[in-house]
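In: following is a predicted model, sequence given first.
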Amino acid sequence: MAEDVSAAPSVSTYLLNLPSQSSRMPDEITVALIDGYIDDPAALGVPPYISPMIRAIAGAAVDAGADRVEYVTIDMIRDGARIPDASVTAVLSGNTVPGKYLRSMPMSMKELDALFPKLKGWRMIGGSAADSDVAQKFDFIIKRDMAASLYDGMTGKEVGERLRTLEEWNRWMLLGADIVTRHQDFPQPLVAEIESYRGCHRYASGGCSYCIEPMKGRPLMRAPQDILAEARKLRDLGVRNIRIGGQTCIVSYGSDPDSAVPRPNPAAVRELFEGLRDMGFDTIHTDNANAAVIATYPEESREVLQIIADCCTDGNIVALGMESADPIVVRENNLNSTSEQVMAAVRMINEIGAERGPRGMPKLLPGINIIAGLDGETSLTYKLDMELLEQMCQEGLMIRRINIRQVLPVRREFKVRVDQRRFKKFKEDVRETVDRTMLERVVPFGIVLKDVYMELNDGNVTFGRQIGSYPLLVGIPYRLEVGTAHDVMVTDWGYRSITGITYPFRINEMPMSALEALPGIGKKRATKLVLERPFSGPEDLSRAIDDPKVVESLTRFVVFRIIDFVEIHPELVHLPSRFHGRPHFTHLRARLVGEAFA
């Protein structure tokens, strides 16, 4: 049975009382970290991400005197990795907000239950898995800050529930950074999330009814130089991709922590993001912005958003916590922004971030979160939500993602019982009438997305994503090697994903399934292409395709002899530095230039 942490002994006391120990601490203290992955609004930790929480726990263990810290992920265990022998074993796992995953997922309760008998030494569990029945088997259950609790226990204090101090936070992120090199996704496509601050500017009023962030109290901001020190450490270790996350509003970084709607501090944001940009990461993304702050302080917000758009990698998203367009729901749940403020923020972000970057995506776009089941919700709520989304469509605005979910009673129970039929219908309507429209705007036909990392083969379809926050899922209708990166041209759209073909397209080499995916081709023409190839050029292609418009369209992205392209553009064929260190990576970065095959 788990200890009551309010009166729990220290780890050092526990170790002294182990039957196999003498009256002194072990000669060598080993701490084993089991990363079962977390997926919370304030932290992403499911691959390709590694969460800052697990790195902080590693740093706390080192700071407390651990001689060795062993790190193993649940995916490694699934693949047969041994559970480390240890004096202390800490398990971090759980997804507060359930998501859909492509190639990995957090540890299940069944897996946790099977894993428990194999854990060595003093056993602690944290993350939302700490609320499970299985957690009761652990020696200590931690629901606030596992790093702080572990540190206290290992330094002879009682294992209680507290948050780390700012000094501990900065120190532990440096001391625990090197576990990134042991993650199975290192160096690519691993994304290390870095926290900028914790807490909520609206803590005094209780913040949004459903959110746990206000329970962390007044915002505690990390200084730019401390975040940059962590980023530099990660970069020196070989990390190529980072995400500045965890904050409730990146636009409010560096602002007055006691203001519910703070005036942004562009100077602090500039110091942070220009410093990150100059470190040479492949991907820099961020998350979360308060529409009320953007609408209330448009001048300062515009400057902050421009800095983020200029310094970060394209495909970046700032999720706006709208939750509901219904003013009654906004009032009854103390939500942070009105529908009018959300529209103002969406317009500004589009104005600043719609320009495309080198990877083919708009530089910075908004995301919209909608939560069903909040107090005050009626059938009118769904109507108002849909009207706001339709207005965004009518104005020609772009939204990168619309996240619709039901409220989880993590903080308290809610009076509304969600009408499941109505909720499902609303979600389907958004997917069919809004999401598809937005996808066609964000990635129109013919746009080339650079460096799409292939993650999964499913039959003859390969699924991949660009590295970053909430990347688009791309389906390629033929098999490619998992772990390779390709440039992909968009050819079609689903509701939340897209279809594409590798670019440039080697028409004389590609399989039948790939030829069928070409715009204007299909099975009949693909069969003819296979029978009549090789083709030497566009004129030769006309032998097999009797439609000049289709031939003209194909010449935008097909290659007849790859050597021709290499001779014309040798600088465009290389193995990018971002994929160094992974010998099995292959990558043809051949970008088709229109005049090359005109």
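Out: Now that the structure is in, tell me what you want to look at. These numbers come from a predicted model, not from an experiment. Numbering: from 1, shown residues only.

In: so where's the stretch 401-550 of the chain uncertain?
Out: For the stretch 401-550 of the chain, no stretch has pLDDT under 70.

In: show me the helices in it, by range?
Out: Applying DSSP state H, counting those that start in this stretch to the stretch 401-550 of the chain gives helices spanning 420-430, 436-442, 512-516, 522-532, 538-541, 548-554.

In: adding mean neighbour count and distance to Ala147, write these out as JSON lines.
Out: C-beta here means a position set from N, CA and C on the backbone, and glycine is covered the same way. Shown next, in JSON lines, are these (neighbours: other Cβ atoms under 10 Å; distance: least, Cβ to Cβ, whole Å):
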{"stretch": "helix 420-430", "mean neighbour count": "14", "distance to Ala147": "37"}
{"stretch": "helix 436-442", "mean neighbour count": "19", "distance to Ala147": "38"}
{"stretch": "helix 512-516", "mean neighbour count": "19", "distance to Ala147": "48"}
{"stretch": "helix 522-532", "mean neighbour count": "14", "distance to Ala147": "56"}
{"stretch": "helix 538-541", "mean neighbour count": "15", "distance to Ala147": "61"}
{"stretch": "helix 548-554", "mean neighbour count": "15", "distance to Ala147": "56"}
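
In: excluding covalently adjacent residues, which one is nearest to Met510?
Out: Leaving aside its chain neighbours, Met510 sits nearest to Tyr478 (7.2 Å; criterion: Cβ to Cβ, 6 or more residues apart in numbering).

In: tabulate the helices of the stretch 401-550 of the chain (a markdown table), appending distance to Ala192.
Out: Output for the helices of the stretch 401-550 of the chain, formatted as a markdown table (distance: least, Cβ to Cβ, whole Å):
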| stretch | distance to Ala192 |
| --- | --- |
| helix 420-430 | 32 |
| helix 436-442 | 26 |
| helix 512-516 | 35 |
| helix 522-532 | 43 |
| helix 538-541 | 46 |
| helix 548-554 | 41 |
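
In: residues contacting the residue nearest to Met510?
Out: Listed by Cβ atoms under 8 Å, 6 or more residues apart in numbering, the contact partners of Tyr478 are Asn460, Val461, Thr462, Met510, Pro511, Ser513, Ala514, Ala517.

In: try it again at 7 Å.
Out: Asn460, Thr462, Pro511, Ser513, Ala514 (Cβ atoms under 7 Å, 6 or more residues apart in numbering).

In: pick the one among those residues closest to Ser542.
Out: Ranked by distance to Ser542 (Cβ to Cβ), the contacts of Tyr478 are led by Ala514 at 20.4 Å.

In: which one is that closest one nearest to, not counting chain neighbours?
Out: Closest to Ala514 by Cβ to Cβ, 6+ apart is Tyr478, at 4.1 Å.

In: now do the phi/psi pair for the one you found.
Out: With angles defined as degrees, to the nearest 10, Tyr478 sits at phi -160, psi 160.

In: gap between it and Asp236?
Out: 39 Å (Cβ to Cβ, to the nearest Å).

In: now swap in Lys549 and tell me
Out: 53 Å.

In: same question for Met154.
Out: 27 Å.

In: what is the burial count for the nearest residue to Asp35 once chain neighbours are set aside?
Out: Closest residue to Asp35 apart from its sequence neighbours, by Cβ to Cβ, 6+ apart: Thr73 at 4.5 Å. For Thr73, the neighbour count with other Cβ atoms under 10 Å is 25.

In: OK, contacts around Thr338?
Out: Pro327, Val330 are the contacts of Thr338 under Cβ under 7 Å, 6+ apart.

In: now it: how far from Arg144?
Out: With Cβ to Cβ as the criterion, Thr338 and Arg144 are 32 Å apart.

In: and Arg240, by the same measure?
Out: Here Arg240 is placed at a distance of 32 Å from Arg144 (Cβ to Cβ).

In: of these two, which one has the most company?
Out: Shown here are Arg240 and Arg144; by other Cβ under 10 Å, Arg240 has more neighbours (24 against 17).

In: now the helices for the stretch 51-200 of the chain?
Out: 52-63, 74-78, 109-115, 146-154, 166-175.

In: closest to Asp310 out of those helices?
Out: Comparing the helices of the stretch 51-200 of the chain under Cβ to Cβ, the one sitting nearest is helix 52-63, at 24.8 Å.

In: so what does that closest one touch, helix or strand wise?
Out: Contact here means 3 or more Cβ pairs under 7 Å, 6 or more residues apart in numbering; DSSP states H and E; on that basis helix 52-63 packs against strand 30-40, strand 68-73, strand 88-94, helix 146-154, helix 166-175, strand 191-195.

In: residues contacting the fifth one, please?
Out: What it means is helix 166-175. With Cβ under 7 Å, 6+ apart as the test, helix 166-175 has contacts from 52, 55-56, 59-60, 62-63, 147-148, 164, 220, 222, 226, 229-230, 233.

In: for the residue nearest to the spatial centre of the chain, what are its contacts?
Out: Nearest residue to the geometric centre of the chain (Cα atoms, centre = their mean): Ser469, 3.9 Å. Residues near Ser469 by Cβ under 7 Å, 6+ apart: Arg243, His285, Asp287, Asn316, Ile317.

In: tell me the SS of the last one?
Out: To tie it back to what came earlier, the one meant is Ile317. Of the three states, Ile317 takes strand under DSSP: H, G, I helix; E, B strand; the rest coil.

In: the residue nearest to Asp35 touches Arg182, doesn't it?
Out: No. Between Thr73 and Arg182 there is no contact under Cβ atoms under 7 Å: 8.5 Å.

In: could you find the closest non-adjacent residue to Arg55?
Out: Here the residue nearest Arg55, using Cβ to Cβ, 6+ apart, is Gly176, at 4.2 Å.

In: tally of neighbours for the one you found?
Out: By other Cβ under 10 Å, the burial measure for Gly176, its neighbour count, is 27.
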